[in-house]
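>>> Let me see the structure of the following:
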Amino acid sequence: MKRIITLTIALAAFALAASAQTDKISVTAPRAVLAGDNLSVQFDARVGQRAARSGHTLVYRPYLTDGKSRWTLPEIVVRSRRAQVAQQRHNWVSGKAITYDNPMFVRNGETLQYTASVPWQSWMNGAHLAAEAIDMGCCGSATDGSVTLAENLAGPAGFGPGAQTETVIVLVDKPV
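Here you go, the predicted structure:
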């Protein structure tokens, strides 16, 4: 009986550890603010303790889309120490640097207050905020798929540039 209880506790501890390692980035409090002709997208991103494995880089790429059009926002890049050293070595040897479009670099376990501003376009009314995670390692990259963070970027009547000085749009969180 004592063996069964010990084995059950050991398996439960293993399951909890395994589930903790799959946590990459969680997003809370998404919102959008329309100020003049610019749309500012804001959210809090908490990076998991094991988001980027040793020797890997996790690129979290948020974007606005309405199904036909897409506007990619600046990436959140989580890079392990080993991947950072390998990248610096590659840059030094090849003379070329891998660049991202205005990235935000964070470490495992950190929380980031993300803010990005884009010029307003009419197709953005009714769009949704989504993100894709790309795990890049030594032998290639894998996309973890796309996740909708918030839906229905819609404001009050007369919504759009020039309507008011500032319109705050609270995005509806999509249940996970």
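>>> Could you use CA atoms for every contact and neighbour count after this?
Noted.
>>> number of nearby residues for N125?
When neighbours are defined as other Cα atoms under 10 Å, N125 has 16 of them.
>>> my read: it touches S69, true?
No. Using Cα atoms under 8 Å, N125 is not in contact with S69; the gap is 11.5 Å.
>>> Averaging pLDDT per element, find the lowest-scoring helix or strand in this protein.
The helix or strand with the lowest mean pLDDT-type score in the chain, counting by mean pLDDT, DSSP states H and E, is helix 2-21 (a mean of 37).
>>> Could I get the full set of helices for this structure?
With DSSP state H, the ranges of helices along the chain come out as 2-21, 81-94.
>>> Give the residues shared as contacts by N125 and S69.
Here N125 and S69 have no joint contacts, going by Cα atoms under 8 Å, 6 or more residues apart in numbering.
>>> so where's this structure shaky on pLDDT?
Across the chain, the stretches falling below the confidence threshold (pLDDT under 70) are 1-23, 50-52, 81, 83-84, 97-105, 140-142, 154-176.
>>> Give me the longest strand you can find in it.
Of all the segments assigned as strand in the chain under DSSP state E, the longest by residue count is strand 140-153.
>>> partners of that strand in the sheet?
Here the strand partners of strand 140-153, with direction, are listed using DSSP bridges: strand 127-137 (antiparallel), strand 172-173 (antiparallel).
>>> which residues touch stretch 113-131?
Outside stretch 113-131, the residues touching it (Cα under 8 Å, 6+ apart) are 34, 37-45, 60-67, 69, 73-74, 146-155, 160-161.
>>> Quick check: ChimeraX command selecting the buried ones in these.
Those of the contacts of stretch 113-131 that meet the burial criterion (16 or more other Cα atoms under 10 Å) are gathered into one ChimeraX selection, given here:
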select :34,37,38,39,40,41,42,43,44,45,60,61,62,63,64,65,66,73,74,148,149,150,151,152,153,154,155,160,161
